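1. Let me see the structure of the following:
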Amino acid sequence: MEFKGQYLTYEEYKALGGTLDLTPFNLLEFESRRKIDIRTQNRLVDCKEIPQAVKLCIYKMINSLNDFNATTSDIANNGNIASENTDGYSVSYITTAQISDVVKSKSEELQDIMDSYLIGVIVDSQHIMFLGAE
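-> Okay, here's the model as predicted:
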């Protein structure tokens, strides 16, 4: 599968110290790019030269999403077990509310990353994060 219109190429990702293989990188770059496109109302879609701040934002988001995916995979592989006690043998499970809190927290973290990297970035004489009246 070919991924077009990337804001951060695999070569740029590797040069920044990225460690993912090509396929996971492509999937996470696409997910990060979509989140940025939604937040910026597609202001970067036809941009000829992607600003460095956007590339660094994508890099940070890829790392954050990869960590999140690893954590959720570990939880799923452990059968949603939060803790075990072998004294009297008891098992605590992760609740739906805890999972919801983790997802909400990750969403807020990604929003914070976009805000810190993209607020103030101007493309074609327009702030890419501008969402209405000043």
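2. got a list of what Leu118 touches?
-> For Leu118, the contact set (C-beta atoms under 8 Å, 6 or more residues apart in numbering) comprises 36, 39-40, 53-54, 57, 128-129. For the C-beta atoms, the positions are set from N, CA and C on the backbone; glycine is no exception.
3. Quick check: the farthest pair among those residues?
-> The most widely separated members of the contacts of Leu118, counting by C-beta to C-beta, are Arg39 and Ala53 (13.5 Å).
4. all strands of this protein, in order?
-> Taking DSSP state E, the strands of the chain run over residues 81-85, 90-93, 122-123, 126-127.
5. hey, least reliable of these by pLDDT?
-> Lowest mean pLDDT within the strands of the chain: strand 81-85, at a mean of 63.
6. Now do the helices in this protein.
-> 10-15, 22-40, 52-77, 96-118 (DSSP state H).
7. how about the ones you listed in JSON lines, adding mean pLDDT and distance to Asp46?
-> Output for the helices of the chain, formatted as JSON lines (pLDDT from 0 to 100; distance: least, C-beta to C-beta, whole Å):
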{"stretch": "helix 10-15", "mean pLDDT": "97", "distance to Asp46": "19"}
{"stretch": "helix 22-40", "mean pLDDT": "96", "distance to Asp46": "11"}
{"stretch": "helix 52-77", "mean pLDDT": "85", "distance to Asp46": "14"}
{"stretch": "helix 96-118", "mean pLDDT": "85", "distance to Asp46": "17"}
